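In: Provided below are the primary sequence and the corresponding predicted coordinates.
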Amino acid sequence: MTSHNVDLAIIGSGSGNSLITNYWDDKKVAIAEGSTFGGTCLNVGCIPTKMFVRPAHLARGVEEAALLGVKMSVENVDWPAMRDRIFGRIDAISSGGEDYRERLENVELISQYVTLGQDNTLTAQDGTTISAKQLVIAAGSRPSMPNIEGIELDAVHTSDSVMRLDKLPESLVIIGGGYIACEFAAMFSGLGTKVTQLVRSGALMRQLDTEISDAYNKEAAAHWTVRYHTEAKALRQTDSGLDVVLGDETLSADAVLVAIGRIPNTDKIGAEKAGLDLHQDGRLKVDEYQRVLRAGKPVTGLYALGDISSAAQLKHVANYEARLVAYNLEHPESLRKNSNRAVPAAVFTHPEIAIIGLTEEEAREQLGAENLTVKTQKFGDTAYGWAMEEQTGLFKVLADKRTGKLVGAHAMGPESSNLIQPVIMAMNLDIDAHTAATGQYWIHPALMEVVENALLGLDVPDSGLL
Ligand SMILES: Cc1cc2nc3c(=O)[nH]c(=O)nc-3n(C[C@H](O)[C@H](O)[C@H](O)COP(=O)(O)OP(=O)(O)OC[C@H]3O[C@@H](n4cnc5c(N)ncnc54)[C@H](O)[C@@H]3O)c2cc1C
Ligand SMILES: NC(=O)c1ccc[n+]([C@@H]2O[C@H](COP(=O)([O-])OP(=O)(O)OC[C@H]3O[C@@H](n4cnc5c(N)ncnc54)[C@H](O)[C@@H]3O)[C@@H](O)[C@H]2O)c1
């Protein structure tokens, strides 16, 4: 039986892989990865999805062009070429990263699933044991599946498999109304698939600020079919695809995509058996230094990061936590705390959405309505918005009237994920709204003027700048 004694062991090769800095060059490290090297973001998450979003966006360009007096048509969507270009790049990056780790003398790559034992030990599927001075759990999350008849059928997909389909489905039923469902609904419908999205509640992306959520739901429903208050009761194989039973009614589709949330892999690593503290949703509990808790106390030398412990299942959060854990592993005598700064996110659906901080409802509750100032700037009321004939985009900012402190921003429209960054910067660096608006030049007539105008529209104290 093989056993390894190492200075550092890591479960998971997503953000966990970046913990292996030069500091470990003269020390022993083991990294366990039971699936494809590189984790979710690279192989089945952020990167391939956005590589599909781009061609879908181009295909949708026909709509915008028509508004501007250019008649275009999409001749052909070559799904196999698109898919092979995307995974031709991604698979090579994954296997290149794996080869690199395998070649490093100080690193032991364990290409198997492992489970936790006592005192920072791990056991692999073939019985290999790893005993580590410090251990990091970065084992991520996986798609959650509803318990309905037919869920195991071949034509039922999750985000793990739907991007590798042999051909572009003519029709697709998507179950779910969150990030993944809305990104794939926009992507497949943009490429020409007839998409029907089934949502249990009365709104897609219902956690959004209500003004943005209302605007987004209107736009989504104008581009693909959204069925609210609708649940799939059973899925049945047919000669041509699947029947999706809704109750009295049945929909037919080539394929079904399930996107109803992701569950942390704590069960897979045996976290409960190892006595580690869990949140109700199955995440590991960690303290402000990312140390894993057992009976409310941090376990010496045991850290967690990313989807397995974070409320925000986002790659920039996993990467930030990896930088923090890397620092703390290397400086056990002077640990640094998680900044707990506001977490931004963007949803690459159509139209694109970006968010940071409080919604208007939350801000009213927290600051008091009388202390809140809000401005919603229409993209269509700026020079570049005219150039684009933009009719739906919104950029909303919220601030404390008394101090000018920005407390949130919510955007829907082209390039929202980029446009929101100056507000993220102002919020993180504590720059008040008036200084952010007037303390710099804003390039004219760039689309970014949407943000300038939104900030200028707030009722906040004058910074003295012009
Ligand atoms: C379709 C999709 C699109 C997304 N798009 C975005 C986006 O645009 N922007 C964004 O910020 N976030 C996005 N995300 C979320 C983002 O991908 C995750 O938050 C991030 O990848 C989490 O990183 P991680 O290191 O915590 O986990 P992962 O990258 O999932 O890594 C965990 C690794 O651990 C391995 N593992 C698990 N259990 C074991 C075990 N017992 N033994 C050995 N190995 C194990 C897994 O195989 C996996 O490779 C998306 C996610 C999905 C699914
Ligand atoms: N652009 C991005 O940053 C990005 C993109 C994709 C995924 N992600 C991350 O991945 C996470 C998971 O994405 P997701 O879309 O799977 O989850 P989600 O939490 O965003 O949305 C899940 C949706 O499924 C619904 N739902 C839950 N159970 C259901 C059931 N049994 N039947 C029908 N509907 C049900 C929920 O009401 C919700 O609308 C996201 O929360 C996000 O953090 C981020």
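Out: The structure has been received and is ready for your questions. Ligands and ions are numbered 1, 2, ... in the order given.

In: can you classify residue 398 by secondary structure?
Out: Secondary structure, DSSP: H, G, I helix; E, B strand; the rest coil: residue 398 is strand.

In: bridging across strands, which residues link to it?
Out: Beta-bridge pairing for residue 398 (DSSP bridges): residue 374, residue 408.

In: check contacts around it.
Out: By Cβ atoms under 8 Å, 6 or more residues apart in numbering, the contact set of residue 398 is 357-358, 360, 363, 372-374, 406-409. From N, CA and C alone the C-beta is placed, and that goes for glycine too.

In: go on, residue 187?
Out: Here residue 187 is in contact with 49, 52-53, 56 (criterion: Cβ under 8 Å, 6+ apart).

In: which of these sits closest to residue 200?
Out: Distance to residue 200 across the contacts of residue 187 (Cβ to Cβ) is lowest for residue 49, with 22.6 Å.

In: check the stretch 101-250 of the chain for the residue nearest ligand 2 and tell me.
Out: Closest residue of the stretch 101-250 of the chain to ligand 2, Cβ to the nearest ligand atom: residue 178 (1.9 Å).

In: correct me, but that residue touches residue 262?
Out: No: counting by Cβ atoms under 8 Å, residue 178 stays clear of residue 262, with 9.6 Å between them.

In: looking at the two, which one has more neighbours?
Out: Between residue 178 and residue 262, counted using other Cβ atoms under 10 Å, residue 262 has the larger neighbour count: 20 against 17.

In: run through the bridge partners of the closest residue to the more buried one other than its chain neighbours.
Out: Distances taken as Cβ to Cβ, 6 or more residues apart in numbering put residue 141 closest to residue 262, at 4.0 Å, once the chain neighbours are dropped. Residue 141 forms beta bridges with residue 264, as assigned by DSSP bridges.

In: and if you look at residue 354?
Out: Taking DSSP bridges, one obtains residue 346, residue 411 as the residues bridged to residue 354.

In: mind listing what it touches?
Out: Shown in contact with residue 354 (Cβ under 8 Å, 6+ apart): 344-347, 409-411, 416-417, 419-420.

In: which bits of this structure sit near ligand 2?
Out: Selection of the chain residues close to ligand 2 by Cβ under 6 Å from any ligand atom yields 146, 175-181, 183, 200-201, 231, 259-262, 313-314, 345-348.

In: contacting ligand 1 as well, which ones from those?
Out: Subset of the residues of the chain next to ligand 2 in contact with ligand 1: 180, 313-314, counting by Cβ under 6 Å from any ligand atom.

In: buried members of these into PyMOL, please.
Out: To isolate the buried members of these in PyMOL, using 16 or more other Cβ atoms under 10 Å:
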select buried, resi 180+313+314
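
In: quick one: contacts for residue 139?
Out: Neighbours of residue 139 in contact, by Cβ under 8 Å, 6+ apart: 11-12, 16, 264-266, 268-269, 308.

In: ok, now residue 123?
Out: Going by Cβ under 8 Å, 6+ apart, residue 123 touches 114-115, 117, 129-130.
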